[in-house]
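Undergrad: sequence and computational prediction follow.
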Protein chains: 2
Amino acid sequence: MEVIDVGSADAQRLGMKPITFVRQVLALCIHPELLNDETFPVDVQQRARELLEHCAGGSVGSYAESAGIAHVQQSVAKFITRRDKGLTSDPSHIFMSSGSQRALRCVLKFLLQGSDHAPIGVMTPNPHPHTLLPLLELLGIVSLPYQLQQGAGWALEKAELKRALQANRGNCNPRAIYISNPGDPTGHVQDRESIQDVIQFAAEENLLLLVNEVFQDSVFGDGCEFLSYKKVLFEMGSAYSERVQLASFHSLSNGIMGECGFRAGYVELVNFDALLPYVETELCGSVCAPVIGQIALDVMVDPPQPGEPSFNEYCEQVTVNKDTLKRNVLRGRSFLNSLPGFSCPTVTGGVYLYTHLTLPQMESDNVELLYSSRLLVEEGVCVGVEKCVCTSVPGENSCHIRICVLMPSPALEEVLSRLETFHLRFLNQRS
Amino acid sequence: MEVIDVGSADAQRLGMKPITFVRQVLALCIHPELLNDETFPVDVQQRARELLEHCAGGSVGSYAESAGIAHVQQSVAKFITRRDKGLTSDPSHIFMSSGSQRALRCVLKFLLQGSDHAPIGVMTPNPHPHTLLPLLELLGIVSLPYQLQQGAGWALEKAELKRALQANRGNCNPRAIYISNPGDPTGHVQDRESIQDVIQFAAEENLLLLVNEVFQDSVFGDGCEFLSYKKVLFEMGSAYSERVQLASFHSLSNGIMGECGFRAGYVELVNFDALLPYVETELCGSVCAPVIGQIALDVMVDPPQPGEPSFNEYCEQVTVNKDTLKRNVLRGRSFLNSLPGFSCPTVTGGVYLYTHLTLPQMESDNVELLYSSRLLVEEGVCVGVEKCVCTSVPGENSCHIRICVLMPSPALEEVLSRLETFHLRFLNQRS
């Protein structure tokens, strides 16, 4: 039985197809003899030629600048400006990295540089991306957890931020607050008011904003739209926009593009001006992010335009992926809610279903690990699982299960079917 | 005037052409529709199909295992076994990384984990790779320099190792010795006796061997051959081979392949057995090296074989590159030695000319920086430059210049011509 890993967002592993235009441009950049192959659309050829001109020696085999290929920095800046309805983005404030995790690590290390003897603290949401706490621990950074409100679709509340900071201030020197929007793994999409609250809080407490915005292209809830922290920050006026430090992360791996294997992401830094040279030389190091990933990122932020030969196919493929995601979220949620013990809230963004699961009382302290390891062994489904930190009913075992649903619908049906078989058997054996 | 950067080894920036077989396999892996294109040789198609089968979901867009694609680890292990004439290599002791620098950083961080309050020390050669000291400084590791013997073609002497360790022992806790063989930037190729000396020293002093072997394919001196530290270690018997810890680094970027932009390298660890799971989970992190780079690495360590359609072209291209390198070393050395003040020793490996330069006495303390910055501004040639630490004659200014010569011959002529023009003008203005 083939194992299906839905615990992390790895869409192509789960059978999603790459976007043709991206792969065609990369193939021509890698093997320029194909530039004369007329079976490739003209815009693919043009894009590949243009990108190769921006590679040293005209080759993707050369090193790029450590902050990234200048042309790609410019493409990203234009993308951000379009996204934020005209708000300027400076290419020199954008740093390419081999994935958004790597960029986050760089900025965290930057925080550590200025630290005195007290350990640095970063406020972290609960639930949080499953890669976040190990990274902080590795760097010796204290995590200051703030609880997202399950009953409100995992929204963020300002009063809870204040409580969490006060409760933990003694342990460390709090320097930053980490947010993921849309939420990883909750899928919650913040509205303007909520973002303003966080920015105001960060300004009051002199905290750097570390904003994971890798799911910005995966917002599908009715009436929901993605608002960047940067846009809201600048709309709050110069008292905020000239002072609050913001690092916004985006990635080629997440959401609709799903190109995890190329290892590419970027961070845009706001109000780091005097520190930028330091960031570049000390933190990015002297080695560039993979050139092929940077080129794919260029295509992601600057896709084919109306009238260009690849436009229709590109739009169709993106639409299919987005429709698949939205359909799978609805299907998965309704299926899970039909199983005893599952309670899966509405999801408006991201690629996960993050569902509450109530299990029968058992001897084990780690009932969630028992459940997930049995599910893996017996039915070959690997899910993410976390102990439930919400108010628990005495005598009840509960946990949260994380399932990536960005996959072809038949694959999702297979996952749901295996999960149901396992779940009913698990309950049956313990009733 | 176009700037020519010969200070670092970035062959394709300097105009070297990539190996066709590598690029063809990558193009097909990236854009699998090309698998049915009969203009590609059959062995390219087969290799791409085989590699895609080892990618999750059959796509290079999926994450790989954090230690690397298992199949590529196996290919590397087979390559090492062939190279070392049958000495076994265990694939699970090989870790893929986004470049050999990244792998070195991981192993250095591993050293730091076990450290008490005294800082960790690593013995470093002088001259050394220009990226080495910044990396150690970044990690807070003390460098314990040992001097290579310029008069002996930059050979390594055991007595000097002992002296250097004694002289610096008080400052830190010495934990490792770093060697590059063939030497970066010296080009010196160690013989068996010299390697045995280092291993014996490491065993006596309980030092981990950090061996940069990225130029192992670039040995061209008459009568010289590359011997790996691992092979010599195992030939010294179990008193050494079962005890001395060795980390050997190799890379896709250096030497003949010259694919810097893909960011791929690996480290093989010897006698880390009990610590391997720790290395994997704690140091490599949860994110894989770029998949495309790993695939290129697979091709590098497992090239086309006699009888296969791509064999002849592959061999021709590699031969052209090797011949170009060897010819350029001879040409560059003889040219430099014809200029007043230059003294360039015989080079037997690597990709650099590392030449001594005596300059007229001047007011400046940093005559080497003055020289190199003028050369860049006036003639657009960027060289590596280092203060001379060898015994200096009073009243004489001297330094060392590092020039990568892995480039097409006309490009080298252009560099030499600009250098000559500048050098004679520089001397003339100061005579």
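TA: Good, I have the coordinates.

Undergrad: quick check: residues of the stretch 51-200 of chain A near chain B?
TA: With C-beta under 8 Å from any C-beta of the partner chain as the criterion, the stretch 51-200 of chain A meets chain B at residues A:55-57, A:59-64, A:98-99, A:101-102, A:131, A:134-135, A:138. For glycine as for every other residue, the C-beta is placed from the backbone atoms N, C-alpha and C.

Undergrad: let's see it at 7 Å
TA: A:56-57, A:59-64, A:98-99, A:101, A:131 (C-beta under 7 Å from any C-beta of the partner chain).

Undergrad: nearest to residue A:273 among the residues you listed?
TA: residue A:64 (23.2 Å; C-beta to C-beta).

Undergrad: kindly export the helix or strand harbouring residue A:195 (C-alpha atoms) in PDB.
TA: Assigned by DSSP states H and E, residue A:195 belongs to helix A:192-205. The C-alpha trace of helix A:192-205 is given here as PDB (Å, rounded to 0.1, in the frame of the first residue of the first chain):
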ATOM      1  CA  ARG A 192      -8.300  44.700   7.700                       C
ATOM      2  CA  GLU A 193      -9.300  45.400  11.300                       C
ATOM      3  CA  SER A 194      -7.500  42.300  12.600                       C
ATOM      4  CA  ILE A 195      -4.300  43.300  10.800                       C
ATOM      5  CA  GLN A 196      -4.500  46.800  12.100                       C
ATOM      6  CA  ASP A 197      -4.800  45.500  15.600                       C
ATOM      7  CA  VAL A 198      -1.700  43.400  15.200                       C
ATOM      8  CA  ILE A 199       0.300  46.300  13.700                       C
ATOM      9  CA  GLN A 200      -0.900  48.700  16.500                       C
ATOM     10  CA  PHE A 201       0.200  46.100  19.000                       C
ATOM     11  CA  ALA A 202       3.600  45.600  17.400                       C
ATOM     12  CA  ALA A 203       4.100  49.400  17.300                       C
ATOM     13  CA  GLU A 204       3.100  49.800  21.000                       C
ATOM     14  CA  GLU A 205       5.400  47.000  22.100                       C
END
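
Undergrad: for it, packing partners?
TA: helix A:158-168, helix A:229-235 (3 or more C-beta pairs under 7 Å, 6 or more residues apart in numbering or on different chains; DSSP states H and E).

Undergrad: pull the contacting residues for residue A:309.
TA: Shown in contact with residue A:309 (C-beta atoms under 7 Å, 6 or more residues apart in numbering or on different chains): A:41-43.

Undergrad: the longest helix in chain A is where?
TA: The longest helix of chain A (DSSP state H) is helix A:311-337.

Undergrad: quick one: buried residues of that one?
TA: A:311, A:314, A:317-318, A:321-322, A:324-325, A:328-329, A:331-333, A:335-336 (16 or more other C-beta atoms under 10 Å in any protein chain shown).

Undergrad: can you give me the offset of it from its chain's centre?
TA: 18 Å (C-alpha atoms, centre = their mean, to the nearest Å).

Undergrad: excluding chain neighbours, what is closest to residue A:143?
TA: residue A:124 (4.7 Å; C-beta to C-beta, 6 or more residues apart in numbering or on different chains).

Undergrad: what's the helix or strand that neighbour falls within packed up against?
TA: Element membership for residue A:124 (DSSP H and E) is strand A:120-126. Using 3+ C-beta pairs under 7 Å, 6+ apart, the elements in contact with strand A:120-126 are helix A:132-138, strand A:142-147, helix A:158-168, strand A:173-180.

Undergrad: most tightly packed of the ones you listed?
TA: strand A:173-180 (a mean of 22; mean count of other C-beta atoms under 10 Å in any protein chain shown).

Undergrad: alpha carbons of it, as CSV, please.
TA: The C-alpha coordinates for strand A:173-180 follow below in CSV (Å, rounded to 0.1, in the frame of the first residue of the first chain):
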residue,chain,number,x,y,z
ASN,A,173,13.5,39.9,25.6
PRO,A,174,10.5,39.9,23.3
ARG,A,175,11.6,41.2,19.9
ALA,A,176,9.1,40.1,17.3
ILE,A,177,5.7,38.6,16.6
TYR,A,178,5.1,35.9,14.0
ILE,A,179,1.9,35.8,12.1
SER,A,180,0.8,33.6,9.3
